[in-house]
Each structure stands twice: as C-alpha cells, then as structure tokens.
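Peer 1: next comes the sequence, and after it the predicted model I'd like to discuss.
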Amino acid sequence: MASDEYTNFAHSDLEQFPVIIHLDLDCFYAQVESVRLGLDPSTPLCVQQWDGVIAVNYAAREYGISRHERIEKVKEKCPNCVLVHVETVGFPDQSSSRENVSNPDLLNHGKSETKVSLDRYREASAKIFQLLFSYSELCEKASIDEAYLDVSEQVQDILVATRNQRSSIGSIFEQLSMTEKERAYYFETIFQPFGKRELPLSQILSIGCAIAAKIRYAIYSQFNYTSSAGIAENKLLAKLGSSLNKPNRQTLISPKAVPFLLENLPLKKLRGLGGKLGTRIEERTNAKTAKEAQNVTLEKWNEIVGRENAEWIYNLVRGIDYSPVNARGITKSILAAKSFKAECSWEGMEKWIKILAYELCERLRKDETMNSRRPINFIVHYSSVGSVSSSKSIPFPNGKDRVSSLSRNAMKILKTANNFCFPCNRLSLSVTKFLKTSSDLGSIAAFLKPQENHQKLVEELVQESSSIKSSETTAEETASNLQQPPEKCKVVEVEQREEEDYILAQRMQVEEWLKLRSEGDYNCDDRRESRKKKRRVQTLDHFFHK
DNA sequence: ACGGGTTAGACC
DNA sequence: TGGTCTAAC
C-alpha cells in the first residue's frame, strides 16, 4: 500500500527528516582517571568506591571484571589492575585510621568519616558538553556521560549544499571540511543495509554519521576520551545504536534494520522499561522481547499501563519515539548525599551535615561562576532504617557563611521534624530552582581556571572543625595515542519482511515532527507547554485504530 | 549480586 | 506547592 506514497513522501520531506545522535563516553569515570594518570588504555583500571568498583575500563573487562565487583575479587582476577578510589571529602578520623597506616587508600577513604565526591567527573563532563554545544545547540544532557544531539538542521544544510553533486560522500566530507582522521572515524561506522526505497534516507543518516565522526574525533583529540555513538531518526534508536558496538565505534541504525534490532531486544532495554514497569509488562503480557510486545493491542496496553502511557508504549516497542531533543545543558538541581549503616547521635548527624553542606557549597560556588545563578530552594532528605524516608524544604538560607548557615538550618529541620528518628540511614542536602544573578560574561574562563587548594578553602570556610579535606592522587600529563586502526564496515543481515506497519508509523512520525518544527520552539523547556505538545503528538488514534 | 551518589520527571 | 516515588547512569 505504502510504496508509492512512501517514495513521494521521502522525496518531498526527507530534507527535514530528523537526525539524532546519541553520544556515550566509554566507561567514563575509568577513562577520566586513566587519562588523568597518564596511563595507556591497555592498562587495566577500575574506579573504586569503598569496597566495590563503579567503573571498569575495557582492558580490565578482559579479565572478567564487571561493575559492582568486590575489590578482593578484582585483585584476584587481575593483580595488576590499577585501582583508583573516587575523591572523598570529610573529617579523617585519626584514631580509627591508625591501624590502616600501611594502606593509604583506607587512610584517606574511610567510609565512616568521609563521603564520595564525583566532582572530578562532573568537571570533565562539563568540558565535553561545552564542546558538544559548539556542534549543536540542540544538545540534551542525558547523564554525566551521555548526550542526545539533534543535528537535523546541519544535515539539511549539507544536503542542500551538496545537492548538485548528488550528495556523494566525498562532497559531504568536503562540505564539512573533514580531515583524514575525521574521515577515518566515519569509515569505522557500522552500517546496516538499506532497502532501495530507503536510499535517500541513508544519505541523510550518513551525513549524521559524518557529523558524529567529527564530534567523536574532537572529543578524542582534545581530551583523549573515546566515545561511542548511535545515529538514527529518533532518540530511542540512537540510544540503542550507541550501545551496539562499544567501545570507540559508532553505529547507524537504518529503518530497515529496526525489525531485526527489536527481534531479540529484551523489553527492559527500552528506555523507561528498565524498572518495575518493565517487570509488570513482562508479567502481564508474557513478552520478553520488544518484538513479542508488538503483538499487544492498544486496548491491552490501555489495561496494563493506562490511557496516557498506552500509545507511548505501543510506539516504543516498534522503535518509534516522538520525544524531541530538549536543549538542556545545565542541571536543574544539585545534591550531596551520604548513606551509612546506622547513625544514632545528634553529634554524628551534625558531622555529616557539615560535610554535606561543605561539598554542596563548593559546588554551588562553581555553579554560580559558571551559570550565573543562585538556588532559591533548599531540601533536606533523611531516611531511617525502618524505611522512614522523608524530606523538608525551605527557602535557600542567605547567610554570610554559607556552610554554617546551611548546616544550622539543616539541623533545625531535623530537630523539628516530627517523623525524624534514629537510627538514621541516609542523609542528603540539595538545592533546586535557580534565579539568574547577572549576565554570563566570563563565566567559562572562571570555570576553567585551575582549582584552588581544597585544604585552604576548608580552613576559611569551616573554622570550628579542623580537618575537612579532599583526598588527592597525583596527576600527570600524558597524551597517549589510543587511536585504533579502522576496520572494515560490518554488515548485518536483515531478513526481507513486511514493513508496511513500520513505514506508515514512521511517516506519521515525520509528519508530527514537521508540524512541531513549524510551530517553532518545539524544544522549549516550559513544562506545561511541552506536556501539552507531547500529548498532541501522541494522539494518533486515527492511525492506530485502523 | 541492588550498592552509593546523582539527576530528572511524574503524580497527588 | 511540596513531598514522594520511579527510573536512569
């Protein structure tokens, strides 16, 4: 049915076909440490947090080491593995660490007196995102090491500029003024075959691949970090693609390959279905893979997940995803948390509150120089062993000494809370809701200047306590060359199969996309607006009831 | 292996 | 609005 229609539609609308890149840094924390210490990527390295590891580089994975492994096990499996503990802040307690003097890690990283700080990775991340924004303002920070980029505009420009050369790959390279090395990244792309009808589409996505290659090469040459990317027509498929050929490779997901991709894809791999919802769906439908879940009717989805989510899921299991890339670069909240076995004294609570307040204030200070904003909401979250979890918020206190001001207020909240009880399990201080302070001038330079000495800051900020400090490992400068030789493009076999359902749905997606574009600020951040739009986009009854 | 620190968003 | 809950990395 759709053959001619689809062809026509392809030629008239392809120039505005969405091109989304999902970019994912490979084992990010491990890479940050490896590069910082000037190690070769072939050196096995794990990032340690207390007794476990939270990141494992690819060299260490060869030894069968995985995340969440005990340190003991890691040493067993790979005695030479470099273990780098995450930074910590707190009051090192001399008496309890005496016995561990032989082990500097334990001395500096006592779980009972310090908390983890992920600042080093946040800063590395911030620099990468700065770079990403220069490639597309439509860049969404999905996590500390993941981003979605909507490069549709750029792709369209290239397409128009190279039209008289029939958008050959050579002309695309030229238009993007790609160097040899950038081209090498492009040629490493893992493609899936296209159907004939999809040829124009393949060009579109290929241009996205060229841009992804440029970006990944830039990240590598500037920071020595390798990354993986997925290039596709929507966020869902792009995300799937980036994980397909890790590390250090990019994967193009062609529409034709989607049925194949979904065939054996565990339902829970789909974004949003990794938790309880996914489990519930498995129970109610017996579907284990995305493909199997395609047999579930819209009515049945209605029953299982409700009216609002039914269409979303119906689309999701078909690889269809209307969600726009939100231009969102900076965080909306900042949180410092610590969990412990069982803290039973007010003295203990005060100690942790001071540590958390200190860390939070440090981060707020940086945030303010970088983003010209101040928080106006302050939240204290506490939970006790009997799973009593609660939080209280107040307007952000504006004291002269921010650390003690936050500490005092947090203490007051705990003492006056009617549901707070010992022993306490977990404590967090956070801020949300920011107000702009001034214009943005000089913010980036301020952020990039070298960190001041933690120890000094501590003495200035917290006089009453002698020894909050941050552990440090020496950093050395190295520029090791981890570029790997290009491989041949792999080709994935795809069965010939009926695609009408998919193509039709895809067409709907593009039409919705074009509509959103013509309405202007489709990526606006206003919640109510975007929710309204989302609903409109997802109301496709006339199509799905057919 | 559900562990520890973060973020975001939905819901009432 | 505030607070709780879920999900993701």
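Peer 2: Received the coordinates, thanks. Numbers count the residues shown, from 1 in each chain, chains lettered A, B, ... in the order given.
Peer 1: what is the least confident helix or strand in chain A?
Peer 2: Scoring the helices and strands of chain A by mean pLDDT, DSSP states H and E places helix A:541-544 at the bottom, with a mean of 21.
Peer 1: pLDDT score for the residue nearest to the spatial centre of chain A?
Peer 2: For chain A, the residue nearest the mean C-alpha position is residue A:143 (2.2 Å; Cα atoms, centre = their mean). For residue A:143, the model assigns a pLDDT of 90.
Peer 1: who does it bridge with?
Peer 2: residue A:146 (DSSP bridges).
Peer 1: can you tell me how far it is from residue A:322?
Peer 2: Distance, residue A:143 to residue A:322, by Cβ to Cβ, to the nearest Å: 21 Å. The C-beta positions use only the backbone N, C-alpha and C, and glycine is treated the same way.
Peer 1: repeat for residue A:355
Peer 2: Taking Cβ to Cβ, one finds residue A:355 at 44 Å from residue A:322.
Peer 1: looking at those two, which one has more neighbours?
Peer 2: residue A:355 (27 against 21; other Cβ atoms under 10 Å).
Peer 1: what kind of secondary structure is the more buried one in?
Peer 2: Under DSSP: H, G, I helix; E, B strand; the rest coil, residue A:355 falls in the helix class.
Peer 1: ok, it touching residue A:112?
Peer 2: No: taking contacts as Cβ atoms under 8 Å, residue A:355 lies outside contact range of residue A:112: 11.7 Å.
Peer 1: now do the buried residues in stretch A:405-416.
Peer 2: By neighbour count with 16 or more other Cβ atoms under 10 Å, stretch A:405-416 contains the buried residues A:405-411, A:413-414.
Peer 1: looking at those residues, which one is closest to residue A:254?
Peer 2: Nearest to residue A:254 among the buried residues of stretch A:405-416: residue A:406, at 52.0 Å, using Cβ to Cβ.
Peer 1: can you list the weak-confidence ranges in chain A?
Peer 2: Within chain A, the ranges that satisfy pLDDT under 70 run A:1-16, A:91-110, A:192-199, A:439-546.
Peer 1: which positions in it make contact with DNA strand C?
Peer 2: Listed as neighbours of DNA strand C in chain A under the rule Cβ under 7 Å from any atom of the strand: A:142-146, A:271-278, A:377, A:379, A:389-393.
Peer 1: among the residues you listed, which ones are in helices?
Peer 2: Using DSSP state H, the members of the residues of chain A next to DNA strand C that fall within helices are A:276-278.
Peer 1: of those residues, closest to residue A:428?
Peer 2: For these, the minimum distance to residue A:428 (Cβ to Cβ) is 22.5 Å, reached by residue A:276.
Peer 1: roughly how far apart are that closest one and residue A:191?
Peer 2: Residue A:276 is 36 Å from residue A:191, by Cβ to Cβ.
Peer 1: comparing those two, which residue is more hemmed in?
Peer 2: Neighbours per residue (other Cβ under 10 Å) separate residue A:276 from residue A:191, with residue A:191 holding more: 20 against 8.
Peer 1: what bridges to the more buried one?
Peer 2: Beta-bridge pairing for residue A:191 (DSSP bridges): residue A:491.
Peer 1: quick check: it touching residue A:250?
Peer 2: No: the criterion here is Cβ under 8 Å, and residue A:191 misses it with residue A:250 at 10.0 Å.
Peer 1: overlap of the contact sets of the two?
Peer 2: Here residue A:191 and residue A:250 share no contacting residue, scored by Cβ atoms under 8 Å, 6 or more residues apart in numbering.
Peer 1: and residue A:206, how many neighbours?
Peer 2: Residues near residue A:206, counting by other Cβ under 10 Å: 22.
Peer 1: still on that earlier bit, in a markdown table: the buried residues of stretch A:405-416, plus secondary structure.
Peer 2: A markdown table is the format used below for the buried residues of stretch A:405-416 (three-state DSSP):
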| residue | secondary structure |
| --- | --- |
| A:405 | helix |
| A:406 | helix |
| A:407 | helix |
| A:408 | helix |
| A:409 | helix |
| A:410 | helix |
| A:411 | helix |
| A:413 | helix |
| A:414 | helix |
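Peer 1: what's the helix or strand harbouring residue A:74 packed up against?
Peer 2: Using DSSP states H and E, the element containing residue A:74 is helix A:71-77. For helix A:71-77, the packing partners by 3 or more Cβ pairs under 8 Å, 6 or more residues apart in numbering; DSSP states H and E come out as strand A:52-56, strand A:82-85.
Peer 1: so which of those strands is the most surrounded?
Peer 2: Stretch with highest mean neighbour count among those: strand A:52-56 (a mean of 21; mean count of other Cβ atoms under 10 Å).
Peer 1: export it to PDB, keeping only CA atoms.
Peer 2: Taking Å, rounded to 0.1, in the frame of the first residue of the first chain, the C-alpha atoms of strand A:52-56 are listed here in PDB:
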ATOM      1  CA  GLY A  52      33.500  -2.000  45.300                       C
ATOM      2  CA  VAL A  53      34.200  -0.700  41.800                       C
ATOM      3  CA  ILE A  54      31.900   1.700  40.000                       C
ATOM      4  CA  ALA A  55      33.700   1.800  36.600                       C
ATOM      5  CA  VAL A  56      35.800  -0.800  34.800                       C
END
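Peer 1: dump the residue contacts of residue A:150.
Peer 2: For residue A:150, the contact set (Cβ under 8 Å, 6+ apart) comprises A:18-20, A:136, A:138-139, A:324-325, A:523.
Peer 1: what about 6 Å?
Peer 2: Residues near residue A:150 by Cβ atoms under 6 Å, 6 or more residues apart in numbering: A:20, A:138, A:325.
Peer 1: with residue A:74 instead?
Peer 2: Neighbour list for residue A:74: A:46, A:53, A:65, A:81 [criterion: Cβ under 6 Å, 6+ apart].
Peer 1: ok, the residues you listed vs residue A:433, which is closest?
Peer 2: residue A:53 (35.3 Å).
Peer 1: now do the helix or strand harbouring residue A:352: distance to the chain's middle.
Peer 2: In the assignment (DSSP H and E), residue A:352 maps to helix A:346-371. Centroid separation between helix A:346-371 and its chain, computed with Cα atoms, centre = their mean, to the nearest Å, is 24 Å.
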